[in-house]
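Engineer: Turn this into a structure:
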Amino acid sequence: MTDTLKQQLLEWADVYHCAAFIQNDPVQFPHRYTQKQDIEISGLLTALMSFGNRKQILKKADELHKLMGTSPYKYVQSCQWKENFRPTDKSSFYRMLSHANFHSYFTRLYAAYSSFDSLEDALLPYPGNPMEKLCTFLGVSNRSPQKKLNMFLRWMIRQHSEVDFGIWNHFDSRDLIIPLDTHVCRVAYTLGLTDSTTFSLNNARRITDALTEIFPDDPCLGDFALFGSGVNRTV
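Structural biologist: Prediction:
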C-alpha cells in the first residue's frame, strides 16, 4: 500500500467519521436511547433490517421502534412482542424478514435478558470472536460475511466515536470485521485493498487486514473512509 493511498484513507476517515453521519444512517435509531439494554436491542434489530433501499430501511425501523416505545428493553420484558409478532405469522414485516422471524429474535433477546444484565454478558460464554459469538446466539452461519451483524458489533464495540457507542468493554476493536456492503467492496477493489469483488467472509477479512496497516488498533475506522467515499462517489 502506497503512502499516498494511506494518507487518502486517513483523510476520508477524518471527513466521514463524524456525528453528521448519524442522521441518514440506521444507527440513528439506537441513538434515541441512553440505557445500555435499550441501545443493544434497538441496535441489533435495526442492524438486522439494514439491507435494501435506505428509505425503506428507515421507514420500517421507525415502525418497529414505535411498537417498542420509549424502552425496547421494557418492551422485551413485557412480552408484548408475542402479540405483535406471532410465531406462525409468515407474512413479511420487512422484505424477507417475516413476523415469525422477529418473534424468534425477541425470544432470544428475552432469554438473554432473563439470565444476564446485558446482551454483551449473554454473548461472553459463547466461543470464538465477536462475530462468531453473535452468530451462535442468533443461530446463523458464521461462514458468510454477515454485514449486518458486523455493523452492529462495530456500533457496540468501537470506542471514542461520535457514531459508534463503545458500550461493550469485554471486546476489542481489533477483533472486528468490516461490514462488507456494495460501497465498501467496490471502493476497496478499486483502490487495490483486495483483488476480489465477491461478497464473502474471506474478502471481508482481506479488506479488514488491509485497513489494519493504517488503523492497527481500530481497522473498522476504515469502514467510514470506504463507505463514505463510495456513497459520495469520491471513488
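
Engineer: Please count neighbours and contacts with C-alpha atoms only from this point.
Structural biologist: OK.

Engineer: Do you have the strands of this structure handy? List them.
Structural biologist: Using DSSP state E, the strands of the chain run over residues 92-94, 97-98.

Engineer: Out of those strands, the one nearest residue 44 is which?
Structural biologist: strand 97-98 (14.0 Å; Cα to Cα).

Engineer: Sheet-wise, list the partners of the closest one with their directions.
Structural biologist: Sheet pairing of strand 97-98 (DSSP bridges) gives strand 92-94 (antiparallel).

Engineer: any idea of the mean pLDDT for the partner strand?
Structural biologist: In this model, strand 92-94 carries a mean pLDDT of 98.

Engineer: how about it: buried residues?
Structural biologist: The neighbour-count check on strand 92-94 (16 or more other Cα atoms under 10 Å) flags 93-94 as buried.

Engineer: now the strands of the chain as CSV including distance to residue 208?
Structural biologist: Formatted as CSV, these follow (distance: least, Cα to Cα, whole Å):
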stretch, distance to residue 208
strand 92-94, 30
strand 97-98, 28
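
Engineer: For residue 130, which of the ones you listed is the nearest?
Structural biologist: Closest to residue 130 of these is strand 97-98 (Cα to Cα; 23.4 Å).

Engineer: Figure out how far the closest one is from the centre of its chain.
Structural biologist: Taking Cα atoms, centre = their mean, to the nearest Å, one finds strand 97-98 lying 18 Å from the centre of the chain it belongs to.

Engineer: swap in stretch 11-26?
Structural biologist: Per Cα atoms, centre = their mean, the centroid offset for stretch 11-26 relative to its chain is 15 Å.

Engineer: Can you give the contact residues for it?
Structural biologist: 28, 46-47, 50, 57-58, 61, 161-163, 221-226, 228-229 (Cα atoms under 8 Å, 6 or more residues apart in numbering).
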